[in-house]
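S.K.: Got a predicted structure here, sequence first:
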Amino acid sequence: MSHPAVRLQVQEASPGAFLWTLMETDVDGTPTQVARRAEDAFESYEAALAAGTRALNAQLHPHTEARA
């Protein structure tokens with residue numbers, strides 16, 4: 001199965017407010033469009049990164065149930 005190239009970005013939108021964004025990229029790795037983004041900010045970079053990683057996994061494997 002082939003997936004579009006996707007980049008996970010985490011940015012600090014304002015002090016203490018971190019957002020993740022999944023960006024589709026072209027063959028050179030340049031972001032071309034937003035695939036998904038956080039609806040709410042996270043208090044730390046690590047929390048936003050973890051949430052973004054879960055979103056990326058869900059996007060790449062939509063039929064896999066989340067495991068606790």
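M.R.: Sure, I can see it.
S.K.: Residue 13 is in contact with residue 21, isn't it?
M.R.: No: using CB atoms under 8 Å, residue 13 makes no contact with residue 21, being 10.3 Å away. The way it works is simple: take the backbone N, C-alpha and C, and place the C-beta from them, glycine included.
S.K.: higher neighbour count, the two?
M.R.: residue 21 (18 against 11; other CB atoms under 10 Å).
S.K.: So which other helices or strands are in contact with the helix or strand hosting that one?
M.R.: Using DSSP states H and E, the element containing residue 21 is strand 17-25. Contact here means 3 or more CB pairs under 8 Å, 6 or more residues apart in numbering; DSSP states H and E; on that basis strand 17-25 packs against strand 6-14, strand 31-37, helix 45-60.
S.K.: Now for residue 24: which residues touch it?
M.R.: Taking CB atoms under 8 Å, 6 or more residues apart in numbering, we find residue 24 in contact with 4-6, 31-35.
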